[in-house]
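Trainee: What follows is a predicted protein model with its sequence.
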Amino acid sequence: MSLYYCSRTPKGEEPGPHNCSINFTKGAGAMESVSILECVEEVSYDKVSNVQLVTLCIDRDATTAALCRHKKSERKTDVGQLPLDIEEFEIVLDLNHWVKALAKRFFQMSRAKKSVSRLDGFDAHRLKRDCSAAAHQADMSTLITFKAAFLPIAPHHFNIHVSCGDWCTNSTSESSKGKYRCAELWEKEYKAVTAVIEEFTTPKELKLIQHDLSTNPNEAMNKANCRRAPKDLFWAGTDSYKYRCAVTVGQLSVGHQQYYERVFSSIGITVNPTTNAMFDRLDRIDVINRKRKQSFEYKLKRSQTSNANWRGNLLGVRMDLAAGKGYGDKAAIVAGPMAGTSDIKQISKYRVRTPKFGIHILPWVLESQCIST
């Protein structure tokens, strides 16, 4: 144990035998990749379960992917630490994290200087929505059909609807007058968005997301674990944290009733009928909530509620603009002719009630007469 991390011993002295709770001495950025590698080794060396790891679905973390490989050379870029007696496995990306990485590029363009890109948060949100819909609804049977789902996104955003499918209600540029950017006046941004989409839809990239796996169960377990062990507290390798993690994994794996039956049985305690009924009720509630959240009606209601809240905020924005009140440079979204649809999911968090900076209008208000065919 490093003297720098162990606080039980005076500085400069060797620590004596003690139950130290420090379980990681590297940087916080390396914790996730090292933990995944340790889990891979533990699963592979477990002779009782006899499980072989075939595919690992992770987020877009290049460090984890590089670490879970065999070290094949002495180059500094080759950081693989997977033991040679463990067979290499396939590493794929979670589709939702892939969409977030793609959308991140659009938001970076929206935050850049106007001399670099004139796109704003409104464009980034719409492009993210279209890319997410294409990724989740595309035909993944072949890479050609998979890539074809992303081809109309950039032209559609810049008022070119020739390659759009049935999902596009604006079959002509005349019908979409004032709703989209102009590909002629925004040629530089049009090319930039097209280049980003092409970068993320190469055969190598699409192969990483051409699967039906997901990291949602891991995210759900992480959320459940945070309720029992909040991240704002320091737990490290304490027995309390080990117990809290065990409770989370046990309850999500076998349910409340079976988990506590096994725990109490191991220490010689018999669960009374009242307590057993309470655990059974918790399991039934979890099943009902899980089915409810996966239903189409629940997702539709959640989307409608989000749109209704946004429309209420938008009404306040329009009233302020009509009264001559403006918004500062930090305003994320301001009213425009396209803002009446359900495309926008977020409204400005920095609303300024006093006219400090003047009124800011979306650029396409001035270009509504420009139509690109």
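Mentor: Great, that's in hand.
Trainee: okay, CA-based contacts and neighbour counts for the rest of this
Mentor: OK.
Trainee: got a list of what residue 244 touches?
Mentor: 225, 228-229 (C-alpha atoms under 8 Å, 6 or more residues apart in numbering).
Trainee: Filter those down to the buried ones.
Mentor: Taking 16 or more other C-alpha atoms under 10 Å as the criterion, what is buried in the contacts of residue 244 is 225, 229.
Trainee: Between the contacts of residue 244, which sits nearest residue 238?
Mentor: Proximity of the contacts of residue 244 to residue 238 (C-alpha to C-alpha) peaks at residue 229, which lies at 11.4 Å.
Trainee: Which pLDDT value goes with that closest one?
Mentor: At residue 229, the predicted lDDT confidence score is 87.
Trainee: and which of the contacts of residue 244 is nearest to residue 183?
Mentor: residue 225 (47.9 Å).
Trainee: What about the closest residue to that closest one other than its chain neighbours, how many residues nearby?
Mentor: With sequence-adjacent residues excluded and distances taken as C-alpha to C-alpha, 6 or more residues apart in numbering, residue 225 is closest to residue 248, at 5.7 Å. Neighbours of residue 248 under the rule other C-alpha atoms under 10 Å: 21.
Trainee: Would you double-check that residue 248 falls in a helix?
Mentor: Yes. Using DSSP: H, G, I helix; E, B strand; the rest coil, the assignment for residue 248 is a helix.
Trainee: who's in contact with residue 251?
Mentor: By C-alpha under 8 Å, 6+ apart, the contact set of residue 251 is residue 259.
Trainee: State the distance from it to residue 218.
Mentor: Distance, residue 251 to residue 218, by C-alpha to C-alpha, to the nearest Å: 14 Å.
Trainee: partners of residue 92 in the sheet?
Mentor: For residue 92, the beta-bridge partners are residue 57 (DSSP bridges).
Trainee: So for it, what's the pLDDT?
Mentor: 92.
Trainee: what do you get for the one 3 residues further on?
Mentor: Turning to residue 95, the model gives it a pLDDT of 91.
Trainee: What sits closest to it if chain neighbours are left out?
Mentor: That would be residue 209: by C-alpha to C-alpha, 6+ apart, it lies 5.8 Å from residue 95.
Trainee: With residue 110 instead?
Mentor: Nearest one to residue 110, counting by C-alpha to C-alpha, 6+ apart, is residue 120 at 4.2 Å.
Trainee: cool, and residue 164?
Mentor: Residue 164's closest residue in space is residue 152 (C-alpha to C-alpha, 6+ apart), at 5.5 Å.
Trainee: Please apply the same query to residue 183.
Mentor: Using C-alpha to C-alpha, 6+ apart, the closest residue to residue 183 is residue 158 (5.0 Å).
Trainee: Test my guess that the one you found contacts residue 191.
Mentor: No. Using C-alpha atoms under 8 Å, residue 158 is not in contact with residue 191; the gap is 10.3 Å.
Trainee: who's more crowded, these two?
Mentor: residue 158 (23 against 13).
Trainee: any idea how far residue 100 is from that one?
Mentor: 21 Å.
Trainee: go on, residue 282?
Mentor: 34 Å.
Trainee: how about the strands in the protein?
Mentor: 55-58, 90-93 (DSSP state E).
Trainee: How far does the first one sit from its chain's centre?
Mentor: Strand 55-58 has its C-alpha centroid displaced from the chain centroid by 15 Å (C-alpha atoms, centre = their mean, to the nearest Å).
Trainee: Now do the same contact list for the residue nearest the centre of the chain.
Mentor: Note on the chain: the residue nearest the mean C-alpha position is residue 97, at 4.5 Å, using C-alpha atoms, centre = their mean. Neighbour list for residue 97: 59-60 [criterion: C-alpha under 8 Å, 6+ apart].
Trainee: same thing but 10 Å
Mentor: 58-61, 103, 209, 214-215 (C-alpha atoms under 10 Å, 6 or more residues apart in numbering).
Trainee: thinking again about what came up before, tell me, what's touching residue 158 and residue 191 both at once?
Mentor: residue 183.
Trainee: how close does the residue nearest to residue 164 get to residue 97?
Mentor: Taken as C-alpha to C-alpha, the span from residue 152 to residue 97 is 22 Å.
Trainee: low-scoring stretches of the stretch 1-150 of the chain, by residue?
Mentor: For the stretch 1-150 of the chain, the stretches with pLDDT under 70 are 1-12, 15, 18-23.
Trainee: which residues of it fall in helices?
Mentor: Taking DSSP state H, counting those that start in this stretch, the helices of the stretch 1-150 of the chain run over residues 31-44, 62-67, 95-111, 121-137, 143-148.
Trainee: Any idea which of these gets closest to residue 241?
Mentor: It's helix 31-44; of the helices of the stretch 1-150 of the chain, that one is closest to residue 241 (C-alpha to C-alpha) at 15.6 Å.
Trainee: on that earlier part again, can you check the pLDDT for the residue nearest to residue 164?
Mentor: 91.
Trainee: Same question for the one 4 residues further on.
Mentor: Reported pLDDT at residue 156 in the predicted model: 89.
Trainee: Chain neighbours aside, what residue packs nearest to it?
Mentor: residue 164 (6.9 Å).
Trainee: who's in contact with residue 53?
Mentor: 40-41, 43-44, 86-90.
Trainee: if you set the cut-off to 7 Å instead, what comes out?
Mentor: 44, 89 (C-alpha atoms under 7 Å, 6 or more residues apart in numbering).
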